[in-house]
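> Need a 3D model of the following:
(one chain, ligands or ions: 1)
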Amino acid sequence: MRCDICGSDDISLLNTRFGYMYKCNGCGATVGCHSNSKAHKPLGKFADRETRELRIQCHNMFDVDRDGFPRWFGVADRNDLYEKLAREMGISRGACHFAKMDKPMLRKAIKVMEEWE
Ligand SMILES: [Zn+2]
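Prediction:
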């Protein structure tokens, strides 16, 4: 396999407390593995540090509003909120997973969610 960021094939499989993940020894990018896959199937593409940080920011914004409650609490369920996000981003519900988004998409998601404040 090759790193999606730098193209290196110098990849290590690590067993971390979050499960197995691949790490590129060229640039440090990582990708998690499906937890139920014995073959350690990668979960999407390699992501660099900035992408990983944007994903964490998106999850934080999506799951916790500024009062500390989940955004969907008392309003909608989580899936409804993903549908709202997909609609406002102009993408399909199936594509609306932070783990699948690249940097421009993650930035767009953050902009959309900022409007929800
Ligand atoms: Zn790399």
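> dump the residue contacts of the spatially most central residue of the chain.
The chain has A99 as the residue nearest its centroid, 2.5 Å off, counting by Cα atoms, centre = their mean. The contact partners of A99, taken as Cβ atoms under 8 Å, 6 or more residues apart in numbering, are L43, G44, R55. No exception for glycine: its C-beta is placed from N, CA and C like everyone else's.
> What distance do you get for it to the ion?
For A99, the distance to the ion (Cβ to the ion, to the nearest Å) stands at 18 Å.
> longest helix of this protein?
Selection of the longest helix in the chain by residue count, based on DSSP state H, yields helix 49-63.
> Following it in sequence, what is the next regular element?
helix 78-89 (DSSP states H and E).
> Let me see the mean pLDDT of that next one.
Mean pLDDT, taken over the full extent of helix 78-89, equals 91.
> Need phi/psi at V31.
Note on V31: its backbone torsions stand at phi -150, psi 140 [degrees, to the nearest 10].
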